[in-house]
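> For reference, the sequence and a predicted model appear below.
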Amino acid sequence: MSRSRGCFVVLEGPEGSGKSTLIRALGARLAAAGVPHSLWREPGGTAVAEAARRVVLDPALEIGPAAELFLMLTARADLVAKEIRPRIARGEVVLADRFELSTMAYQVAGRGLDPGAVRSANALATGGLGADITLVLDVDVAVGAARQQAAGKSPDRMEHEDRAFHERVTAAYRAASGAGIVHLNASVAADAVADAAWRALSAVRPDIFA
């Protein structure tokens, strides 16, 4: 089957859920199949977005919820305009580690910002762009924290937040539903998560993920 249009795939989940591992695994499978694709992380991906990332994740800085939101959306707006939209238009498969659902989990559920205002701000930042499919990696807070500790990762500003914050974020992810949202059990082995993700993607775009 020929592939006539691009595809936008987003990976979501709380800290330690394995998004980075999964996006690399999916990228490797696409590369082996000869499918044009690109991998992105949020915030980041452009000079502007990487500058915003350094600020918003700096554990030495105190940043209010609204300022945090706009730093995230500044990064997203620049990435969408300069990289994601053009690549999708060229027929590429674009995979992103975080997108809109992260904003709803962290800045709305985690920080307590108004959901309607945040959705409107995000729509302005993205021009209404949404994912074709969003894979949500579900994992308990304790499991995610243990994985990060085992990896020896130095915690950033978001990861420094208390257990209650991360419980709210995780609960928001578990409750996420809607068109294109697929939940995956991220407590199992990484290979099993990748297989489940590929099956979910195949159900939506069998012309790509066959």
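Okay, I see it.
> make it CA atoms for all contacts and neighbour counts henceforth
Will do.
> The helix or strand harbouring Ala28: how far from the chain's middle?
According to DSSP states H and E, Ala28 maps onto helix 19-32. With CA atoms, centre = their mean, to the nearest Å as the basis, helix 19-32 stands 14 Å off its chain's centre.
> Report all helices and strands that the helix or strand of the chain with the lowest mean pLDDT contacts.
When each helix and strand of the chain is scored by mean pLDDT, DSSP states H and E, helix 141-151 comes last, with a mean of 88. Using 3 or more CA pairs under 8 Å, 6 or more residues apart in numbering; DSSP states H and E, the elements in contact with helix 141-151 are helix 163-175.
> Now the helix it packs on - C-alpha only, CSV.
C-alpha atoms of helix 163-175 as CSV (Å, rounded to 0.1, in the frame of the first residue of the first chain):
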residue,chain,number,x,y,z
ARG,A,163,5.0,12.9,45.3
ALA,A,164,1.6,14.6,45.4
PHE,A,165,2.4,16.5,42.2
HIS,A,166,3.5,13.4,40.4
GLU,A,167,0.5,11.5,41.6
ARG,A,168,-1.8,14.2,40.1
VAL,A,169,0.1,14.1,36.8
THR,A,170,0.0,10.3,36.6
ALA,A,171,-3.8,10.2,37.4
ALA,A,172,-4.4,12.7,34.6
TYR,A,173,-2.6,10.5,32.2
ARG,A,174,-4.5,7.4,33.3
ALA,A,175,-7.8,9.3,32.8
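> That helix packs against which elements?
Partner elements for helix 163-175 (3+ CA pairs under 8 Å, 6+ apart): strand 133-138, helix 141-151.
> deepest of the ones you listed, which one?
Stretch with highest mean neighbour count among these: strand 133-138 (a mean of 24; mean count of other CA atoms under 10 Å).
> Let me know the average pLDDT across it.
Averaged across strand 133-138, pLDDT comes to 98.
> ok, now stretch 21-34?
97.
> next one: stretch 165-180
In this model, stretch 165-180 has an average pLDDT of 97.
> How about residues contacting it?
Here stretch 165-180 makes contact (CA atoms under 8 Å, 6 or more residues apart in numbering) with 12-14, 101, 104-106, 109-111, 131-134, 136, 138-141, 183.
> how many neighbours does Met158 have?
When neighbours are counted by other CA atoms under 10 Å, Met158 registers 15.
> Kindly state the pLDDT recorded for it?
Met158 carries a pLDDT value of 93.
> next one: the one 4 residues further on
At Asp162, the pLDDT value in this model is 93.
> Next one: it from Val182, what distance?
For Asp162, the distance to Val182 equals 27 Å [CA to CA, to the nearest Å].
> what about those two, which has more around it?
The residue with more neighbours, out of Asp162 and Val182, is Val182; 17 against 9, by other CA under 10 Å.
> excluding its backbone neighbours, what's nearest the more buried one?
In space, Val182 comes closest to Leu135 once its chain neighbours are excluded; the distance is 5.0 Å by CA to CA, 6 or more residues apart in numbering.
> Thought Asn185 was touching that neighbour, still the case?
No: Leu135 sits out of contact with Asn185 when judged by CA atoms under 8 Å, with a separation of 10.3 Å.
> Leu22 against Ala194, yeah?
Yes: in this structure, Leu22 is within contact of Ala194 by CA under 8 Å, at 6.0 Å.
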